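>>> Structure for the following, please:
(2 chains)
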Number of protein chains: 2
Amino acid sequence: MTEAFALGVDIGGTKVAAGLVDTRGKIVKRSRVPMAATGDAENGLAAVLSAIGELLPASAGSVRGIGICSPGPLDPRRGVIINPPNLPCWRNFPLAERVRAHYNVPVRVDNDANAAALAEVLWGAGRGYRNVFYATVGTGIGSGIILDGKILHGRTGAAGEAGHMGIDMHGPKCPCGKKGCVEVLASGPAIGRRARQKLGSHSNSVMHQLAGGDLHAVNGEIVSRAAQQGDALAREVIDETLDVLAYWLGNVIDFQEPEVIVMGGGVSTALAPYLEDIRRRWTGNVVNPWPEKVPLLLAHYGEEAGIAGAAALCE
Amino acid sequence: MTEAFALGVDIGGTKVAAGLVDTRGKIVKRSRVPMAATGDAENGLAAVLSAIGELLPASAGSVRGIGICSPGPLDPRRGVIINPPNLPCWRNFPLAERVRAHYNVPVRVDNDANAAALAEVLWGAGRGYRNVFYATVGTGIGSGIILDGKILHGRTGAAGEAGHMGIDMHGPKCPCGKKGCVEVLASGPAIGRRARQKLGSHSNSVMHQLAGGDLHAVNGEIVSRAAQQGDALAREVIDETLDVLAYWLGNVIDFQEPEVIVMGGGVSTALAPYLEDIRRRWTGNVVNPWPEKVPLLLAHYGEEAGIAGAAALCE
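Numbers count the residues shown, from 1 in each chain, chains lettered A, B, ... in the order given. This is a model prediction of the structure:
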């Protein structure tokens, strides 16, 4: 272990995943422990320290720093976890300070989408760009905004929540409280829901077979595969989803005018065949004079975006 | 004339207005000439030089700089006017360079909403803040985004076009080509249109009297006054408009998380009685945990926001 590595920690509601990440963004060693999300604050901390300790025995010298990504709300400037709904163990918990006390290296904390955005800019699909919009499309939709090479944090660190941008003010309600935000219209579960609604009245869709007859198994990947096979219903679902994403990203272009948009998350691979289609659609949904100049790229990092992103916070 | 002043020039489709602006943002002397928007590029330039010349005779020493705001698209980094629809005289016209050749002081060019945003931050309602969203609500809806005290320009200078953020993807079409952007839903003309649609079937509204019986005279100011007098139809129009603005500004808070939002433009005074109402409504339309901490303030500059803004570009 040397300072050639940063240590990235990705905290979720059920697990803590960590990795040693080299200066080129490669994850060279990994650990994974269950997260103690619901009990005492110290037990939650112990889980994090355990994931770190597996990679960094006290005897083993140092790393450049420890980066941690966690569900928010959190304060990235002070490294304090405020009150995440799915980490009830922590309320105003000074995570960075507590971890620093054990390892005496710089400790940075941020949310997962911000961190993943930074990893893409440093080591991934956004490399070479300074002004980047990163979208993660999966169970939810998140985003990270990079300006002049740095995360846009805003007043308290809660900026960059573009996944809950409302684009259909009379649309369906999201659990977040807003109507018609992008997440409720185009996340993985939203794509599955659209498909199931259409499938109810049409039993000859390829989606039935791909899902083994189980409607609840229909997800973004199945819809995408069925559409690629020419299934008309699946193509309708894809069309609606692409319209939503293009309308949304058109708004992003008019607001931020990024040099590039990078898309990651569990649903992004299912959407990969349609990236150029999304770009064509956003051209009609912007006042920006040069929307065709903004590339839309698939993220480099997949499931380990959190670990890489957390490590990127140390750069 | 001394370097205690900057000179601000506001170019529109029909006139050029200019002013000498002191270091506190006070406009101390003004000029105004017709704009030659449709003919030869040199005639357009001559109008600008004439407005400047009235304030700055060649014999009179110097100013700190000359700032110019103009309709876009334009390139603020090079000071080039690209191809504004309402300034057909100029195509890729190097305005900054041409004006600099006459006065040998720094010349900056930007669009009017960006410039006005900067003036509010330097000298107006946004003073003391570094992270500001400025909205101008009038015939159109424009915006300027200030981050760390500077205008967010984006890839080419076309960032900050939040007035065309689409928030009703199945809504009415805007001349910009998008459906349901904020401008087509909440600008002055949009408010008038909403009112006229409702008035068609109700002749006992106060709005009829305030407009002297002329339906086409119904505008934001009349709707606001009628609503203040308890007119139910006018109140409905105001309600719909506040919903649109709150939904939009909620998106802005989730994206940028500004410290403050400043609202200017011709319709902003009509909306002044409802600013707190807008803030209450956006609280239900954000994932941001502290939306009540973001003030919504009326802009300091009114019709002269362009002149002040242009001068602010020199600071």
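>>> Tell me, how many residues neighbour residue A:88?
14 (other C-beta atoms under 10 Å in any protein chain shown). Every residue, glycine included, has its C-beta placed from N, CA and C.
>>> what's the pLDDT at it?
pLDDT for residue A:88: 95.
>>> now do residue A:4
85.
>>> can you check the one 4 residues further on too?
At residue A:8, the model reports a pLDDT of 98.
>>> Would you map the strands across chain A?
A:5-11, A:15-22, A:27-34, A:66-69, A:74-75, A:80-81, A:107-110, A:132-137, A:141-147, A:150-151, A:260-264, A:296-298 (DSSP state E).
>>> Of those, flag the one that's most buried.
Mean neighbour count (mean count of other C-beta atoms under 10 Å in any protein chain shown) peaks for strand A:66-69 among these, with a mean of 30.
>>> For that strand, which strands pair with it and how are they oriented?
strand A:5-11 (parallel), strand A:107-110 (parallel) (DSSP bridges).
>>> what's the burial count for the closest residue to chain B within the stretch 201-315 of chain A?
Nearest residue of the stretch 201-315 of chain A to chain B (C-beta to the nearest C-beta) works out as residue A:257 at 2.5 Å. Neighbourhood size, residue A:257 [other C-beta under 10 Å]: 25.
>>> Look through chain A and tell me its longest helix.
Across chain A, the helix with the greatest residue count (assigned by DSSP state H) is helix A:232-256.
>>> List the buried residues of that one.
Neighbour-count burial for helix A:232-256, counted by 16 or more other C-beta atoms under 10 Å in any protein chain shown, picks out A:233-234, A:237-238, A:240-256.
>>> ok, so what distance separates residue A:44 from chain B?
20 Å (C-beta to the nearest C-beta, to the nearest Å).
>>> Contacts only, for residue A:143.
A:113, A:117, A:133, A:134, A:135, A:136, A:160, A:161, A:162, A:163 (C-beta atoms under 8 Å, 6 or more residues apart in numbering or on different chains).
>>> Without its sequence neighbours, what residue ends up closest to it?
Closest residue to residue A:143 apart from its sequence neighbours, by C-beta to C-beta, 6 or more residues apart in numbering or on different chains: residue A:162 at 4.0 Å.
>>> Then residue A:139?
Residue A:139's closest residue in space is residue A:188 (C-beta to C-beta, 6+ apart), at 5.6 Å.
>>> Run a quick neighbour tally on that neighbour.
Using other C-beta under 10 Å: residue A:188 sits among 21 other residues.
>>> Tell me what residue A:107 is bridged to.
residue A:66.
>>> wait, doesn't it sit right on residue A:65?
Yes: counting by C-beta atoms under 8 Å, residue A:107 touches residue A:65, with 6.8 Å between them.
>>> domain parsing for chain A?
Residue ranges for the domains of chain A, per automatic domain parsing: A:5-117+A:305-312, A:127-298.
>>> what's the first-to-last distance across the longest one?
I take that to be domain A:127-298. Domain A:127-298 has an end-to-end distance of 12 Å (C-alpha to C-alpha, to the nearest Å).
>>> Pull the distance from it to the chain's centre.
Distance, stretch centre to chain centre, for domain A:127-298: 12 Å (C-alpha atoms, centre = their mean, to the nearest Å).
>>> Also the shortest one?
Its chain's C-alpha centre lies 16 Å from the corresponding centre of domain A:5-117+A:305-312 when counted by C-alpha atoms, centre = their mean.
>>> what about that domain, how long is it end to end?
Domain A:5-117+A:305-312: ends 11 Å apart by C-alpha to C-alpha.
>>> and residue A:204, how many residues sit next to it?
Residue A:204: 11 neighbours (other C-beta under 10 Å).
>>> what does stretch A:32-44 rub up against?
Contacts for stretch A:32-44 (C-beta under 8 Å, 6+ apart): A:11-18, A:46-47, A:50-51, A:54, A:86-91, A:93.
>>> which parts of it are buried?
For stretch A:32-44, by 16+ other C-beta under 10 Å, it's A:33, A:35, A:36, A:37, A:41, A:44.
>>> okay, those residues in a markdown table with distance to residue A:268 and pLDDT next?
Below are those laid out as a markdown table (distance: C-beta to C-beta, whole Å; pLDDT from 0 to 100):
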| residue | distance to residue A:268 | pLDDT |
| --- | --- | --- |
| A:33 | 27 | 98 |
| A:35 | 25 | 97 |
| A:36 | 31 | 94 |
| A:37 | 26 | 93 |
| A:41 | 34 | 97 |
| A:44 | 30 | 97 |
